[in-house]
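Engineer: Return a 3D structure for these sequence lines:
(one chain, ligands or ions: 1)
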Amino acid sequence: MKFTQAIVRRPAASCGDGLTNAQLGQADYTRTLQQFGEYCAKLSELGLELTELPSLDAFPDAHFVEDVAVITPEFAVLTRPGAPARSGETKAIEVPLAACREVKPMHDGHLDGGDVMLIGKRFFVGLSGRTDAAGVRAFKDIVSHFGYDVEAMPIGASLHLKSSVNYLGGETLLVCDVLANHSVFAKFHRIAVDMADEYACNTLEVNGELITPAGYPRVQERLEALGMPLHVLDASEFRKMDGGLTCLSLRF
Ligand code: CIR
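Structural biologist: The predicted structure is shown next:
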């Protein structure tokens, strides 16, 4: 899908207080802002026009905007995030979303945008600690009206589906080995990644170019072999908070 725009949210000074299981220490605010700035600059360099929303101090995870909405060429779904601490973030994204798409709010269940991977007219949705069956049904009720299919799949212990698998364009998936042999991915060319490098599965494709987190040379080497332009960003502070490169923006 060709993207022209992205919505991002500036991290709040409270960002180190967000939810995390990473056990890598607390995110440093100054470094978070620096890495966020580098991320935004990279998206701009790749041709996206950015809308930067203000930080929300009461919601330390709110800069992970990907979880509160899913944007397609025709509409935007306002999700119902699975973590109670994050449910209030949706209110703050409604108006910016409405400026770009017709907004379709979910009314039942729970679903995080990090569990949603769109390929063509098919959504792959992870059943996770954040996204439940009722959420998948509510999401499907909305998207099926626009001709989209939904394929739901349990993802095991990872936070989100896109913590473990991301679409790189063409027929290619970058996927953690635990999900690589799942039947729903059978027709794809799969670059299987060792669980030790799982964080690098959260590599972001933007208009034929890839942005990958620093520190994963084995994954980087395999991405280089694809021949796509590859950009490496330091995402250490986001990683401490269980967040990755896709979570930091909504592209459309
Ligand atoms: C959370 O646990 O909700 C945040 N600390 C991280 C969210 C990351 N979002 C994503 O992977 N889509």
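
Engineer: what packs against the lowest-mean-pLDDT helix or strand in the chain?
Structural biologist: Ranking every helix and strand in the chain by mean pLDDT, DSSP states H and E puts helix 177-180 at the bottom, with a mean of 96. The contact analysis (3 or more Cβ pairs under 8 Å, 6 or more residues apart in numbering; DSSP states H and E) places helix 177-180 against strand 189-193. (Each C-beta comes from the backbone N, C-alpha and C, glycine too.)

Engineer: and the strand it packs on, how far out from the chain's middle?
Structural biologist: Centroid separation between strand 189-193 and its chain, computed with Cα atoms, centre = their mean, to the nearest Å, is 18 Å.

Engineer: In that strand, which residues are buried?
Structural biologist: 190-191, 193 (16 or more other Cβ atoms under 10 Å).

Engineer: Whichever residue of the chain sits closest to the ligand: neighbouring residues, count only.
Structural biologist: Nearest residue of the chain to the ligand (Cβ to the nearest ligand atom) works out as Gly114 at 2.4 Å. Residues lying near Gly114 (other Cβ atoms under 10 Å) number 29.

Engineer: And it, how far from Ser44?
Structural biologist: Here the criterion is Cβ to Cβ, to the nearest Å. By it, Gly114 lies 23 Å from Ser44.

Engineer: How about Glu209?
Structural biologist: Using Cβ to Cβ, we find Glu209 at a distance of 13 Å from Ser44.

Engineer: Mind checking which of the two has more residues around it?
Structural biologist: Glu209 (16 against 12).

Engineer: coming back round to it: pull the distance from the least confident helix or strand of the chain to the chain's centre.
Structural biologist: Centroid displacement of helix 177-180 relative to its chain, using Cα atoms, centre = their mean, is 18 Å.

Engineer: How about Leu33: what's its closest non-neighbour residue?
Structural biologist: Counting by Cβ to Cβ, 6 or more residues apart in numbering, Pro11 is the residue found nearest to Leu33 once chain neighbours are left out, at 6.3 Å.

Engineer: hmm, back to that, residues touching the residue of the chain closest to the ligand, list them.
Structural biologist: 64, 66-67, 130, 159-163, 246-247 (Cβ atoms under 8 Å, 6 or more residues apart in numbering).

Engineer: again, only this time at 6 Å
Structural biologist: Residues near Gly114 by Cβ atoms under 6 Å, 6 or more residues apart in numbering: 66-67, 160, 162, 247.

Engineer: want to throw those into a markdown table with pLDDT, secondary structure and neighbour count?
Structural biologist: Formatted as a markdown table, the contacts of Gly114 follow (pLDDT from 0 to 100; DSSP: H, G, I helix; E, B strand; the rest coil; neighbours: other Cβ atoms under 10 Å):
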| residue | pLDDT | secondary structure | neighbour count |
| --- | --- | --- | --- |
| Glu66 | 98 | helix | 28 |
| Asp67 | 98 | helix | 29 |
| His160 | 98 | coil | 29 |
| Lys162 | 98 | helix | 27 |
| Cys247 | 98 | helix | 26 |
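
Engineer: filter those residues down to the ones near the ligand?
Structural biologist: The subset of the contacts of Gly114 within reach of the ligand, by Cβ under 6 Å from any ligand atom, is 66-67, 160, 162, 247.

Engineer: Check for me that the residue of the chain closest to the ligand belongs to a helix.
Structural biologist: Yes: remark: Gly114 belongs to a helix, assigned using DSSP: H, G, I helix; E, B strand; the rest coil.
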